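Participant: Next one to model:
(chains A and B)
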Number of protein chains: 2
Amino acid sequence: MRNLTLLTDLYQLTMINGYFEKNIHEDVVVFDMFFRKNACNGGYTIVCGIDQFVEYIKNINFSDEDLKYLKSLNLFSDKFLTFLKDFKFTGDIYSVEEGTIMFPNEPILTVKAPLYQAQLIETALLTIVNFQSLIATKASRVCFAAQGDPVFEFGLRRAQGPDAGTYGARAAMIGGCNATANVLAGKLFDVPVVGTQAHSWVQKFDTELEAFEAYADIYPDKCLLLIDTYNVLNSGLPNAIKVFKNLREKGHKPLGIRLDSGDLHYLSKECKKALEEEGFTDISITASNDLDEHTISNLKSEGAAINSWGVGTKLITSADSPSLGGVYKLAASFNGDKIEPKIKLSEDPEKINNPGYKKVIRIYNEDNKAEADLIMLHDEKIDESKPLTVFHPVYTWKSKVFNNYTVKELHKPLFINGKCMYEHKPVMKIRDYVQNELNTLWDEYRRFSNPQTYKVDLSKDLWDLKNNMIDSKNFYNKSS
Amino acid sequence: MRNLTLLTDLYQLTMINGYFEKNIHEDVVVFDMFFRKNACNGGYTIVCGIDQFVEYIKNINFSDEDLKYLKSLNLFSDKFLTFLKDFKFTGDIYSVEEGTIMFPNEPILTVKAPLYQAQLIETALLTIVNFQSLIATKASRVCFAAQGDPVFEFGLRRAQGPDAGTYGARAAMIGGCNATANVLAGKLFDVPVVGTQAHSWVQKFDTELEAFEAYADIYPDKCLLLIDTYNVLNSGLPNAIKVFKNLREKGHKPLGIRLDSGDLHYLSKECKKALEEEGFTDISITASNDLDEHTISNLKSEGAAINSWGVGTKLITSADSPSLGGVYKLAASFNGDKIEPKIKLSEDPEKINNPGYKKVIRIYNEDNKAEADLIMLHDEKIDESKPLTVFHPVYTWKSKVFNNYTVKELHKPLFINGKCMYEHKPVMKIRDYVQNELNTLWDEYRRFSNPQTYKVDLSKDLWDLKNNMIDSKNFYNKSS
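Facilitator: Next up, the predicted model:
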């Protein structure tokens, strides 16, 4: 693991230095990470990147070189730099399990720690979790569109740098992809890797047929041929069929063909027909040209004969929505044992945060479908033997009573008093967990166009606290 | 530098293994990196990331752990894995200087090397150079919109992972930004860093005024205050003015204010008026809320009183166009000393590559403005004492004759016979070079809406070669 201690915004350090100078840096505070809009303009978001965030926390360490650099900025006292030298995270962090599906305004991760520690880690937390959550969510959408066909992550060359390609591949696997082309990701995360040949292989040989024959010779049982280097129907397809027949005669089963350009709908159907005429009925037809959940949906509904999808640029960058706007906001400050809730107002009501030290529970019906989430104060309890009433936080007359339900608290400790409570899980296990999570979700939250809004309500106590704070801080009615 | 040797697509390795099995892996070949459309849908692209690519090449090394992993895939022979163990780049790489402005279809980097080496490096080259070129170009657009106002890179928390935030900050500086908030980027690349306080600073204190006073106390000469935590005009602004007056009385010059929400046009003008009434005429008004070149242009043309810009998400992800589609195509193969040019056809004429071992020259007029580029075969020469005629590669009747002109060859060696010829340049020097490059460009190539298309023509020899190859490989008129 690289040391990412300086992977932070300068203002975190100028603020910490300020807290230190004012001697309030040890005050214990509560920060929440949450997002205001779902990833990919969709109906849900898969939380991803927790494993890397934990590694980051464990490895925070200002090296002598880091401190020398900070000193060169002429912003910090020597006393403060000496203080940073011993920096170690000693607080509590609670988080939903990696792979959990979350919704706008819910704390996905809560930090309760001395102010200077909680402040430092903001930027790296957001950088790591925003990106991986975005790509995991995007991948789950692409896989949903593919309706069970295998989806391969092919985006490394268009990723926003090496990390984006590698941690993006991790997130794509967690979101549901079946394999990645990224070898480094395969090694680091123990996930399946996939790949055959590029156009350059075909070009290197004097003829396309020679190129195909050479590939089949070396990989007789893994022979998937790229057939669009010169002309799909007049060259690539007939050459592939020749080679596949030879393989079959020698007792090998050809894997299939890949189309990387042209009209994928038309070409795939023509290919399928020609392949079936020659008896190749159980063969993979992979497509891979600028695909995303929308193009795959269209190809599926038009009846394209594609049964395997290589998805690159638009998955690894989440091209039509390339960021998740996760934020990290101060929610409370402890004065000894007394909690002082904190709020940030805004002319935009969506930007007002939920104050206080909180938790989130999810309400399930008898079929294990998620019905609603409730954000509550940390010490509130629910009696599952009684009906539970929830109400909309803005249109408060919209309420719902649950009778037969179970609840689950979503947060688990990652760190307690600086001690790591988190247990590393293999990526393929997190991928399984995501599939279970998605199964708890009604399809109306998963559709691409105008997904239904999942209910995220506030407990009565939290709602009262928030509205009282807004009233008391309201500057609109005050003269300036 | 991390070892990125496995940062590649699996098919590179399956192909190399294939070349090795067929004993053609030592054949010397030529690959070109180029893009087909400019970054950000604009009229030009700034090439960036060359420094990191050179480091990557120097550090290629299959570790024992890497080889053990590759063995576990059951795709490669032990003989091949032993061969990889000694992998070292021994070829030639030519590239434009980092920061050079380039246009579609021009080779920006050409690799002439044994096939197995040239093939391995494709993915990392594209990952590194595509992303940094994208962000450098985006930054140059944002700075163009800001018309000389300082632009600060604030995007780390929304970047696509740690590398994207850090190398993205590097690229943003090269593209013209004045400073970054990313401390790690500041340290790694010796570029200015900037940052003051977040909403959490203001929230932590009992009142906004106390928070401002505390900040001014600690940073009396670097006092820039974030004034939108509660209410800009009724709270933040009057509190900031109080604090600024105190600072002034003590002989300090306040830096300014920052607006991070609301109607930036209206609020900035109200703030400017109130500040000027109190005699603060030379003060920074920074805005920072979901900005890009388009919103900045609009705010500028509406007369907003903003004179400093913090640009985050939409710069660091190039949100409206989050990838540059750079590709890497086989252009030639050497048979001893004889060059065999290579071409990839496509039903989409834009996807047909320029064959052969090539170079690019740029034609300047007497005012040092770039007039056109010419892609030529590697051994062609231009006699600058004679008029030079260029013609459009598709509409060949569109031609132009240059009389008073100079030409520059754009490629320089990065590696010759594996020896590094590249001299590391500081980021701020590359930034200067970019400003010079931009000055050679007419403004019509820089505008955001329908930029003029810069002329990129082929020499007569290259044009003939390409069209003869297309004719000879044309499968459209052949029966299948």
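Participant: Can you give the domain ranges for chain A?
Facilitator: With domains defined by automatic domain parsing, chain A comprises A:10-134+A:322-473, A:135-316.
Participant: Let's have these in JSON lines, adding mean neighbour count, distance to B:Glu55 and mean pLDDT.
Facilitator: All C-beta atoms are positioned from the backbone trio N, CA, C, and that covers glycine. Shown next, in JSON lines, are these (neighbours: other C-beta atoms under 10 Å in any protein chain shown; distance: least, C-beta to C-beta, whole Å; pLDDT from 0 to 100):
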{"stretch": "domain A:10-134+A:322-473", "mean neighbour count": "18", "distance to B:Glu55": "18", "mean pLDDT": "96"}
{"stretch": "domain A:135-316", "mean neighbour count": "22", "distance to B:Glu55": "11", "mean pLDDT": "97"}
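Participant: and those as a markdown table, adding distance to B:Asn38?
Facilitator: Written out in a markdown table, the entries for those read as follows (distance: least, C-beta to C-beta, whole Å):
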| stretch | distance to B:Asn38 |
| --- | --- |
| domain A:10-134+A:322-473 | 18 |
| domain A:135-316 | 15 |
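Participant: Could you export those domains to CSV, including columns for distance to chain B?
Facilitator: CSV is the format used below for those (distance: least, C-beta to the nearest C-beta, whole Å):
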stretch, distance to chain B
domain A:10-134+A:322-473, 3
domain A:135-316, 3
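Participant: isn't A:Gln147 right up against A:Lys300?
Facilitator: Yes: contact between A:Gln147 and A:Lys300 holds when scored by C-beta atoms under 8 Å: they sit 6.2 Å apart.
Participant: Just the terminal-to-terminal distance for stretch A:145-152.
Facilitator: Taking C-alpha to C-alpha, to the nearest Å, the first and last residues of stretch A:145-152 lie 13 Å apart.
Participant: residues in contact with A:Ala222?
Facilitator: For residue A:222 the amino acid is Lys, not Ala. The neighbours of A:Lys222, taking C-beta atoms under 8 Å, 6 or more residues apart in numbering or on different chains as the test, are A:196, A:255, B:75.
Participant: Kindly confirm my reading that the last one is in a strand.
Facilitator: Okay, so that is B:Leu75. No: in this structure, B:Leu75 is coil, not part of a strand, as judged by DSSP: H, G, I helix; E, B strand; the rest coil.
Participant: Now do it against A:Asp471, distance only.
Facilitator: Here B:Leu75 is placed at a distance of 66 Å from A:Asp471 (C-beta to C-beta, to the nearest Å).
Participant: and what of the first one?
Facilitator: Distance of A:Thr196 to A:Asp471, computed by C-beta to C-beta: 64 Å.
Participant: Check the second one too.
Facilitator: Counting by C-beta to C-beta, the separation of A:Leu255 from A:Asp471 is 66 Å.
Participant: longest helix in chain A, by residue count?
Facilitator: The longest helix of chain A (DSSP state H) is helix A:122-146.
Participant: how far does it sit from the chain's center?
Facilitator: Between the centre of helix A:122-146 and the centre of its host chain there is 2 Å, according to C-alpha atoms, centre = their mean, to the nearest Å.
Participant: Specify the beta-bridge partners of the closest residue to A:Leu264 other than its chain neighbours.
Facilitator: In space, not counting the residues next to it along the chain, A:Leu264 is nearest to A:Ala287; the distance is 4.7 Å by C-beta to C-beta, 6 or more residues apart in numbering or on different chains. Using DSSP bridges, the bridge partners assigned to A:Ala287 are A:Leu259, A:Trp309.
Participant: Cross-check the contact I'm expecting between A:Ala287 and A:Arg258.
Facilitator: Yes: counting by C-beta under 8 Å, A:Ala287 sits close enough to A:Arg258 to count as a contact (7.4 Å).
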